[in-house]
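A.B. asks: build me a model from this:
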Amino acid sequence: MVTFTSNQTWNLPRLFSSDVTISNGAAVTLSCKAYLPQNKKIIVEENSKLIINGGSILNVCNEPVSILVKQGGYLEITSSAVFDKCNIEVQSQGSLKLSGALTLKNSSTIKVLSGAYFCFLSIANVHLADSNTSLNIYAGYISGIHPTYFPGQSSGCISSISSLTHSGSGLIKDYSSDLYIQNETITSNQHYIGRNIYVGHHVTTTKPQGDVVITNDAHVIFDAAENVRLDAGFKCNLGSTFKIVK
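C.D. replies: Numbering: from 1, shown residues only. Below you'll find the predicted structure:
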């Protein structure tokens, strides 16, 4: 493992042969291409920062790599960053800030777990280049930047996930709240996302009671972080299909 304990600026390509750890309050700014071995990762530890400013995280042979933001760590992505087959995980009490344009390619994902802090600015733009890329926000995440480790960094953060500008064929998956589907006829392809998904005639009191029917050869995906419940009054007509993803 390679460990950086002082401030670094990487503006020339870097090739690593092991995991990379940023610790001891160091701030590393990446504005070039950094190559990691297959299944290796950059680990951002307590009080430390990784700022990707026009850089890329890659593998020479197009194998998966990752970034892990631990408790008290901080990752900021800005200015045309590119992630190719790279999975980013922000753990509880870690912080992620999106302050510019970024691209996820080749099955890259971002996961903001329960207890993690997530901030994006109005200028942030996520391009999800293919259908296997996604930004996943889980129940219990906190809007902003951790105030204990990085005070004063939450200015300008937007709290509504639906306001995050994105493009491409991948998805922003907001698993932070439950989804209730009731009294609907679904006639076109749909991808429903929620922490728990409830489908049926009377699964909630906030909508008029009524069946949920998939028809017209529609293909529907129920994508839940925890559970999908198909209750009485759910129907899938001949020629239509549905799939449960957990």
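
A.B. asks: please count neighbours and contacts with C-alpha atoms only from this point.
C.D. replies: Will do.

A.B. asks: which residues touch whichever strand in the chain runs longest?
C.D. replies: The strand that spans the most residues within the chain, counting by DSSP state E, is strand 219-230. The set of residues that contact strand 219-230 without belonging to it, under Cα atoms under 8 Å, 6 or more residues apart in numbering, is 138, 175, 188-200, 214, 240-246.

A.B. asks: out of those residues, which end up buried?
C.D. replies: A residue is treated as buried here by neighbour count (16 or more other Cα atoms under 10 Å); on that basis the buried members of the contacts of strand 219-230 are 138, 175, 189, 192-200, 214, 240.

A.B. asks: let me have those residues in JSON lines, extended by secondary structure, pLDDT and distance to residue 165.
C.D. replies: Formatted as JSON lines, the buried ones among the contacts of strand 219-230 follow (DSSP: H, G, I helix; E, B strand; the rest coil; pLDDT from 0 to 100; distance: Cα to Cα, whole Å):
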{"residue": "138", "secondary structure": "strand", "pLDDT": "97", "distance to residue 165": "18"}
{"residue": "175", "secondary structure": "strand", "pLDDT": "97", "distance to residue 165": "18"}
{"residue": "189", "secondary structure": "coil", "pLDDT": "97", "distance to residue 165": "22"}
{"residue": "192", "secondary structure": "strand", "pLDDT": "98", "distance to residue 165": "19"}
{"residue": "193", "secondary structure": "strand", "pLDDT": "97", "distance to residue 165": "18"}
{"residue": "194", "secondary structure": "strand", "pLDDT": "97", "distance to residue 165": "19"}
{"residue": "195", "secondary structure": "strand", "pLDDT": "97", "distance to residue 165": "22"}
{"residue": "196", "secondary structure": "strand", "pLDDT": "98", "distance to residue 165": "25"}
{"residue": "197", "secondary structure": "strand", "pLDDT": "98", "distance to residue 165": "25"}
{"residue": "198", "secondary structure": "strand", "pLDDT": "98", "distance to residue 165": "28"}
{"residue": "199", "secondary structure": "strand", "pLDDT": "98", "distance to residue 165": "29"}
{"residue": "200", "secondary structure": "coil", "pLDDT": "98", "distance to residue 165": "32"}
{"residue": "214", "secondary structure": "strand", "pLDDT": "98", "distance to residue 165": "30"}
{"residue": "240", "secondary structure": "coil", "pLDDT": "98", "distance to residue 165": "31"}
